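Asker: Structure for this input, please:
(chains A and B)
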Amino acid sequence: MTKYSYTEKKDTRSGFGAGLLEAGRKNENIVALCADLTGSLKMNEFQKEFPNRFFQAGIAEANMIGTAAGLTIGGKIPFAGTFAGFATGRVYDQIRQSVAYSNKNVKICASHAGLTLGEDGATHQILEDIGLMKMLPNMTVIVPCDYNQTKAATIAIADFKGPVYLRFGRPAVPNFTVPDQKFEIGKAQLLYEGTDLTILATGHMVWKAIEACEILAAKGIKAEVFNIHTIKPFDTETVLKSITKTKAMVCAEEHMLNGGLTDTAAQFSAMNFPVPIEAVAVFDTFGESGTPDALMEKYGLTAENIVKAAEKVLTRKA
Amino acid sequence: MEKTNKLEAIASQVRRDLLRMIHARNSGHPGGSLGVTDLLVCLYFEIMEHNPKNFDMNGINQDLFFLSNGHTSAAWYSVLARAGYFPTEELGTFRAINSRLQGHPTTAEHLEGIRIASGSLGQGLSVACGAALAKKLNKDSKFVYCLMGDGEIEEGQVWEAALFAQARKIDNLIAFVDYNGQQIDGSIMSVIGLNKLREKWEAFNWIVLECNGNDMNDLIDTINMAKSLSGKGQSIAIIMKTEMGKGVDFMMGTHKWHGVAPNDEQLQNALSQLEETLGDY
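Answerer: All right, here's what the predicted structure looks like:
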């Protein structure tokens, strides 16, 4: 069994900042906008190196999205960054009309997503953003799992033509994927092969799924684990192949059950190859203040709960 | 004089087109469309440098126009067709199923001349800001024009854009406010009021000009004045007084015709007031 390891924990937002800088060096059409959170989004290096291609939007997200859409008319590739809540819910209609319906090459870069934003509490902890964005036609939704992957994803979406929602986070998490990896939009990343059940995880839950898989292996349960870094388009081919083999599925995400990865995977399974499904997600509630770890524990987003969900789904297999 | 006569003749045809388009579907917004017709004709047939025969989304080295108050689409579609962006026959498909001429403008149907969807109000000025910044980055010296409704600027995003434009010194942008004083629920004053409108834009550090938006000479002079004031670090707003329903006596001076189509008899009455100058589609 492959052993995944890491030498350091790093925040995914720093992966975004590094990716943006590298993409900006490669392509002079890349521009960036930020709504008064340049430091939090780690966009300072880009701003410093390319002051003429960085636009401070102020605390005015609606205008930032519209301006980003306008910048594409003239061939620019705008990366618009702010916290995930303000990058989606606050500007849904602007994204819907000026970006998604108009099919503009705008990259919406959303940091501090989910509970792990921490102490600022529920006003800032959006758990609905994946759902909001994946419902929009033309929108691609990407949720990388660690620093290296977020950097690679940022570079990859610069070369991809079309609206993208890129979701990342605040805390330092295990940086276990390889540096300078090739990021394939829409392709599930196989982490472990197995035969007993399929585990799909996204974002910060991917490392917890790896931990869960190791615990399950010690109990003699062979889980097949995928990192679903692209929620939309969903890698139906890979998932169908896996659940046809395992006939059971667990989904893990730092997001509301409604609208998230589970929702996409369950709909796909129900309509194509029904299997029992269990989920580790947030169940119809807002978050609260606390450290990222305390919040993940309290709301059940843990490796232990993935193990429990796996054991439960096995009892439901036909 | 000859120039304005020619433009007024085009405007008369555009008014006929849009009324027939709206009548054909019994659906659309005649009042505002009639009011902004003169500006659109003035821009596309006199002011703007553009390339209707070979539409390019990026519009490099061309003047760009954004219609933020997308519900006046019928007027814009007619002007685009009459300018040569697409065949005038297509005007007959307005608001019908499978048409490229959607109720509100969209890029989704790849209609030549349209660069962004609009309809949900308040978004066009932000888009225009972005396009104007792209022109600066591309060292493209052409202008970006944006038209907004007066009711539309009740939307907060417009003022976010106004603040942003002055901060980023977007001085290749000329924005029009179609000040007809009417919105769906009644007069602007009765709904919410736009008191001290000039001072509002000035307070955002914009250069403000005013004109009669239904007078070709005034429009040409004012826009040329605006162009001469550009490039000095400030965006320019033109508050353009217009009459809703302009050109059709029974549609003027009321908000009643904001979103109501004329019936057969009303259409004939309206058309009798507007000369067919270029041939109906």
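
Asker: rest of the way, CA atoms for contacts and neighbours
Answerer: Fine.

Asker: The closest residue to A:D120 other than its chain neighbours: what's it in contact with?
Answerer: Leaving aside its chain neighbours, A:D120 sits nearest to A:S289 (5.8 Å; criterion: Cα to Cα, 6 or more residues apart in numbering or on different chains). By Cα atoms under 8 Å, 6 or more residues apart in numbering or on different chains, the contact set of A:S289 is A:G118, A:E119, A:D120, A:G121, A:A122, A:L295.

Asker: change it to 6 Å
Answerer: By Cα atoms under 6 Å, 6 or more residues apart in numbering or on different chains, the contact set of A:S289 is A:G118, A:E119, A:D120, A:G121.

Asker: same question, B:I188
Answerer: Listed by Cα under 6 Å, 6+ apart, the contact partners of B:I188 are B:G181, B:Q182.

Asker: Need the pLDDT of it.
Answerer: With respect to pLDDT, B:I188 scores 94.

Asker: Phi and psi next, for A:D263.
Answerer: Main-chain torsions, A:D263, degrees, to the nearest 10: phi -60, psi -40.

Asker: Tell me how many other residues surround the nearest residue to it once chain neighbours are set aside.
Answerer: Nearest in space to A:D263, with sequence neighbours left out and distances taken as Cα to Cα, 6+ apart, is A:L257 at 6.6 Å. A count of nearby residues for A:L257, using other Cα atoms under 10 Å in any protein chain shown, gives 23.

Asker: quick one: A:L257 and A:A281 touch, right?
Answerer: Yes: counting by Cα atoms under 6 Å, A:L257 touches A:A281, with 5.4 Å between them.

Asker: How are the strands of chain A distributed by residue range?
Answerer: Counting by DSSP state E, chain A has strands at residues A:9-11, A:30-34, A:54-56, A:77-83, A:107-111, A:140-142, A:164-167, A:172-174, A:189-192, A:197-201, A:223-227, A:230-232, A:249-256, A:277-282.

Asker: What number of residues are in the vicinity of A:Y4?
Answerer: Neighbour count for A:Y4, taken as other Cα under 10 Å: 13.

Asker: give me the number of residues near the closest residue in space to A:F234 that isn't next to it in sequence?
Answerer: For A:F234, ignoring the flanking residues on the chain, the nearest one in space by Cα to Cα, 6+ apart is A:G186 at 6.1 Å. The number of residues packed near A:G186 is 18, by other Cα under 10 Å.

Asker: Tell me which residues touch A:G186, please.
Answerer: By Cα under 6 Å, 6+ apart, A:G186 lies in contact with A:T230, A:P233, A:D235.

Asker: which of those residues lies closest to chain B?
Answerer: Nearest to chain B among the contacts of A:G186: A:P233, at 19.7 Å, using Cα to the nearest Cα.

Asker: and the closest residue in space to the closest one that isn't next to it in sequence, how far is that from chain B?
Answerer: Setting aside the residues directly before and after it, A:P233 is nearest to A:G186 in space (Cα to Cα, 6+ apart), at 5.4 Å. Going from A:G186 to chain B by Cα to the nearest Cα, to the nearest Å gives 23 Å.

Asker: Could you list the domains of chain A?
Answerer: Annotated domains of chain A cover A:9-174, A:189-315 [automatic domain parsing].

Asker: Now the shortest one: average pLDDT?
Answerer: Translated: domain A:189-315. Mean predicted lDDT for domain A:189-315 stands at 98.
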